[in-house]
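Asks: Sharing a sequence plus its predicted fold:
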Amino acid sequence: MPLICVCSPKGGVGKTTLAANLAYSLARTGSKVLALDFDVQNALRLHFGVPLSDERATWRRRWNCMTGASVC
């Protein structure tokens with residue numbers, strides 16, 4: 001199981017955007033993906049339209065709809 005880490009000590013270089021697009025692209029190919037955001041700004045969720053108050057079931061439904069899974 002490969003591990004891909006997107007990191008840089010410099011801010012504003014596109015780490016979150018790259019991580020979101022990479023996670024989305026890999027999921028579209030059928031790969032199992034877990035994207036974790038350790039940034040204090042917690043911006044990765046914004047790329048997938050997930051509000052702070054969202055629960056796991058809702059997040060899973062949205063992810064399945066975005067990636068074309070059969071259950072939305």
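Replies: Structure received.

Asks: Residues contacting the longest helix seen in the chain, please?
Replies: Ranked by number of residues, the top helix in the chain under DSSP state H is helix 15-28. The contact list for helix 15-28, computed with C-beta atoms under 8 Å, 6 or more residues apart in numbering, reads 4, 6-8, 33, 35, 37, 39, 43-44, 47-48, 63, 66-68. Glycine gets a C-beta too; all of them are placed from N, C-alpha and C.

Asks: change it to 7 Å
Replies: The contact list for helix 15-28 (C-beta atoms under 7 Å, 6 or more residues apart in numbering) reads 4, 6-8, 33, 35, 39, 43-44, 47-48, 67-68.

Asks: what element comes up after that helix heading to the C-terminus?
Replies: helix 44-47 (DSSP states H and E).

Asks: in that next one, what's buried?
Replies: Under the neighbour-count criterion of 16 or more other C-beta atoms under 10 Å, helix 44-47 has 44-45, 47 buried.

Asks: and what of stretch 40-55?
Replies: 44-45, 47, 50.

Asks: again, but for stretch 7-26
Replies: In stretch 7-26, counting by 16+ other C-beta under 10 Å, buried: 15-16, 19-20, 23-24, 26.

Asks: first vs last residue of that stretch, how far apart are they?
Replies: End-to-end span of stretch 7-26 (C-alpha to C-alpha, to the nearest Å): 18 Å.

Asks: what does the average pLDDT come to for that stretch?
Replies: The pLDDT scores in stretch 7-26 average 93.

Asks: And for stretch 38-52?
Replies: The average pLDDT for stretch 38-52 rounds to 84.

Asks: Quote the end-to-end distance of that stretch.
Replies: 14 Å.

Asks: try stretch 35-48
Replies: Using C-alpha to C-alpha, first and last residues of stretch 35-48 are 11 Å apart.

Asks: what's the answer for stretch 7-16, then?
Replies: End-to-end distance for stretch 7-16: 9 Å, by C-alpha to C-alpha.

Asks: Can you pick out the most distant pair from the contacts of helix 15-28?
Replies: The widest separation within these, taken as C-beta to C-beta, falls between 8 and 68 and amounts to 30.7 Å.
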